[in-house]
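Chemist: Sequence and predicted model, in that order:
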Amino acid sequence: MEEIKMQKTEGSRKAPFKLTLYSLSTCGFCRRAKKFLEENGFPFDWLDVDTLDKETRTVLKDELKSRFSVKVGFPFLAIEHDSGKLQALVGFIERDWEDILL
């Protein structure tokens with residue numbers, strides 16, 4: 001299994017949560033999700049899952065499914081609140097992302 005190296009995008013917004021975006025390099029919805037986070041000033045880590053080898057992809061998807069108790073699809077935004085609460089947004093529906101993040 002290969003080592004997973006997350007990319008980092010800096011942002012000006014202070015938020016009570018940590019954001020990690022799992023996306024696919026060829027996905028238009030994933031690009032829109034990344035652009036939404038950037039335009040709204042959120043710092044976030046991100047990873048194009050399709051650039052990983054098959055074994056690593058499978059392990060990562062299983063971990064996300066187990067940790068967040070949701071079906072994994074892309075984009076997948078993992079939200080770790082400072083309080084310890086875990087939340088995930090699967091797919092990109094801008095209105096839902098606005099309601100939760102803004």
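Modeler: It's in.

Chemist: Remind me what the longest helix along the chain packs against, helices and strands.
Modeler: Counting residues, the longest helix in the chain under DSSP state H turns out to be helix 54-68. Helices and strands touching helix 54-68, by 3 or more C-beta pairs under 8 Å, 6 or more residues apart in numbering; DSSP states H and E, are strand 76-81, strand 86-90. C-beta coordinates here come from the backbone N, C-alpha and C atoms, glycine included.

Chemist: mind listing what's buried in it?
Modeler: 57, 60, 61, 64, 68 (16 or more other C-beta atoms under 10 Å).

Chemist: Run through the residues that contact the last one.
Modeler: By that I understand residue 68. 78, 86, 87, 88 (C-beta atoms under 8 Å, 6 or more residues apart in numbering).

Chemist: again, but for the third one
Modeler: Taking C-beta under 8 Å, 6+ apart as the contact definition, residue 61 lies against 49, 72.

Chemist: again, but for the first one
Modeler: Neighbour list for residue 57: 49, 50 [criterion: C-beta under 8 Å, 6+ apart].

Chemist: Quick check: phi and psi at residue 91.
Modeler: Torsion angles at residue 91 (phi, psi; degrees, to the nearest 10) stand at phi 90, psi 170.

Chemist: Excluding residues flanking it in the chain, which one is nearest it?
Modeler: residue 73 (5.7 Å; C-beta to C-beta, 6 or more residues apart in numbering).

Chemist: tally of neighbours for that neighbour?
Modeler: 15 (other C-beta atoms under 10 Å).

Chemist: Quick check: phi and psi at it.
Modeler: phi -140, psi 180.

Chemist: Pull up the gap between it and residue 16, please.
Modeler: 25 Å (C-beta to C-beta, to the nearest Å).

Chemist: What's opposite residue 87 in the beta bridge?
Modeler: Residue 87 has these beta-bridge partners by DSSP bridges: residue 79.
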